[in-house]
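J.: Here is a sequence with its predicted model. Questions after.
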Amino acid sequence: MIIRQASNMEDAKQYDTDRLRQEFLIESLFQSGTTNVIYSHIDRIVAVGACPTTEPLALASAIDNKAFGTDFFLQRREIGIVNLGGKAEVTCGNETYILDHLDCVYLGQGSDNIHFHPSTTENKAQFYALSTPAHHSYPNKIITKDQANKISLGSDEMANQRLLTQYIHPDILQTCQLCMGITHLSPGSVWNTMPAHTHERRMEIYCYFNIKPQQAVFHMMGEPTQTRHIIVQNNQLVLSPSWSIHSGCGTQNYSFVWGMAGENQTFDDMDFVETSNLR
């Protein structure tokens, strides 16, 4: 388990490319046959990548409970798990959750004995999970890709036509603070979230996927008048503090899992920044 400290907006103004990537980019979360965990002190969010091959992987084996001061990982936490690979199972205690590609399962506070199982198809298993602190236990629930809320945004003219799907969201199920969803850009569209925005009350984390070989996404971040960018490849993550804009432009269309933690769960609580005011 790797721990990432929170970074100050004033310090970030001085970061060169290497330091910016060191602080905010997660390059190798998904590794065959292992479970990797990143614990960020930005709103204490935890990102998990699990890629079981022949044997199930126990989430507990990758967790340092001392870092959380609890007896087990979800004793005071909740978690959302998205299947980015082939059809596979997640087990939690005596319960089994079968997830097709791009299905999701929410596990509430108090859930334990969680295992990620190998795929039952030719496509390899690849699970991506986000966990946030929780104060109450809500029921576990599968949200399939067909059950997710779907919102069409953007236009061909602005090169930002995209489908936003909300999985873990107040309109779908109740959670303490965790929100998760997936955005897919249409062919020919490359921009996400432009005009850019911040929301001081929430942080976000982005897991980029469906980026083809030799393609990339330029993830925009920083204060609106102190913008920076990080070049992102397939299956890489970017941590986005509440003080940072979070927009992106790809060399081709792409997808990403977005997750949020913070003071509220109001999707449209955004402070937009006029493009002419970006620097």
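T.: Yes, it's here. Numbering: from 1, shown residues only.
J.: name the helices or strands packed onto the longest helix along the chain?
T.: Counting residues, the longest helix found in the chain (DSSP state H) is helix 17-24. Contact partners of helix 17-24 among helices and strands, from 3 or more CB pairs under 8 Å, 6 or more residues apart in numbering; DSSP states H and E: strand 226-232, strand 236-240. Backbone N, C-alpha and C define where each C-beta goes, glycine included.
J.: Mean neighbour count, those strands: which tops it?
T.: strand 236-240 (a mean of 24; mean count of other CB atoms under 10 Å).
J.: and the following helix or strand past it, which strands flank it?
T.: Using DSSP states H and E, the helix or strand that follows strand 236-240 towards the C-terminus is strand 247-250. The sheet places strand 247-250 alongside strand 191-192 (antiparallel), strand 217-223 (antiparallel), with pairing taken from DSSP bridges.
J.: lowest-confidence helix or strand of the chain?
T.: Ranking every helix and strand in the chain by mean pLDDT, DSSP states H and E puts strand 197-198 at the bottom, with a mean of 74.
J.: Would you state the strands of the stretch 51-200 of the chain in chain order?
T.: Applying DSSP state E, counting those that start in this stretch to the stretch 51-200 of the chain gives strands spanning 57-58, 77-83, 88-92, 95-99, 104-107, 114-116, 127-133, 141-143, 149-153, 162-168, 179-185, 191-192, 197-198.
J.: In stretch 96-111, which residues are buried?
T.: Within stretch 96-111, the residues that qualify as buried are 97, 99, 101-111, counting by 16 or more other CB atoms under 10 Å.
J.: oh, I was asking about stretch 112-130
T.: For stretch 112-130, the neighbour count (16+ other CB under 10 Å) marks 114-119, 124-130 as buried.
J.: And for stretch 152-160?
T.: For stretch 152-160, using 16+ other CB under 10 Å, the buried residues are Gly154, Ala159, Asn160.
J.: Ser137: which of these is nearest?
T.: Distance to Ser137 across the buried residues of stretch 152-160 (CB to CB) is lowest for Gly154, with 37.6 Å.
J.: OK, contacts around the closest one?
T.: Asn160, Gln161, Arg162, Ser189, Trp191 (CB atoms under 8 Å, 6 or more residues apart in numbering).
J.: if you set the cut-off to 10 Å instead, what comes out?
T.: With contacts defined as CB atoms under 10 Å, 6 or more residues apart in numbering, Gly154 is in contact with Asn160, Gln161, Arg162, Leu163, Leu164, Leu185, Ser186, Ser189, Trp191, Asn192, Thr193, Met194.
J.: just to revisit the earlier point, including mean pLDDT and mean neighbour count, could the strands paired with strand 247-250 go into CSV?
T.: As requested, those are exported to CSV (pLDDT from 0 to 100; neighbours: other CB atoms under 10 Å):
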stretch, mean pLDDT, mean neighbour count
strand 191-192, 93, 22
strand 217-223, 96, 22
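J.: Next, format the ones you listed as a markdown table and append distance to Gln236.
T.: A markdown table is the format used below for the strands paired with strand 247-250 (distance: least, CB to CB, whole Å):
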| stretch | distance to Gln236 |
| --- | --- |
| strand 191-192 | 15 |
| strand 217-223 | 9 |
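J.: which stretch among the ones you listed comes nearest Ala12?
T.: Ala12 sits nearest to strand 217-223 of all the strands paired with strand 247-250, at 6.6 Å, using CB to CB.
J.: low-confidence ranges in the stretch 151-279 of the chain?
T.: For the stretch 151-279 of the chain, applying pLDDT under 70 flags the ranges 264, 266-269.
J.: again, only using 90
T.: 193-202, 246, 262-278 (pLDDT under 90).
J.: For Lys141, list each beta-bridge partner.
T.: Beta bridges link Lys141 to Tyr106, judged by DSSP bridges.
J.: residues in contact with it?
T.: Contact analysis of Lys141 by CB under 10 Å, 6+ apart lists Tyr97, Cys104, Val105, Tyr106, Leu107, Gly108, Gln147, Ile168, Ile172, Leu173, Gln174, Thr175.
J.: ok, now how distant is the second one from Leu84?
T.: Here the criterion is CB to CB, to the nearest Å. By it, Cys104 lies 10 Å from Leu84.
J.: and for these two, which residues touch both?
T.: Tyr128, Ile182, Val257.
J.: Report the distance from the least confident helix or strand of the chain to the chain centre.
T.: 17 Å (CA atoms, centre = their mean, to the nearest Å).
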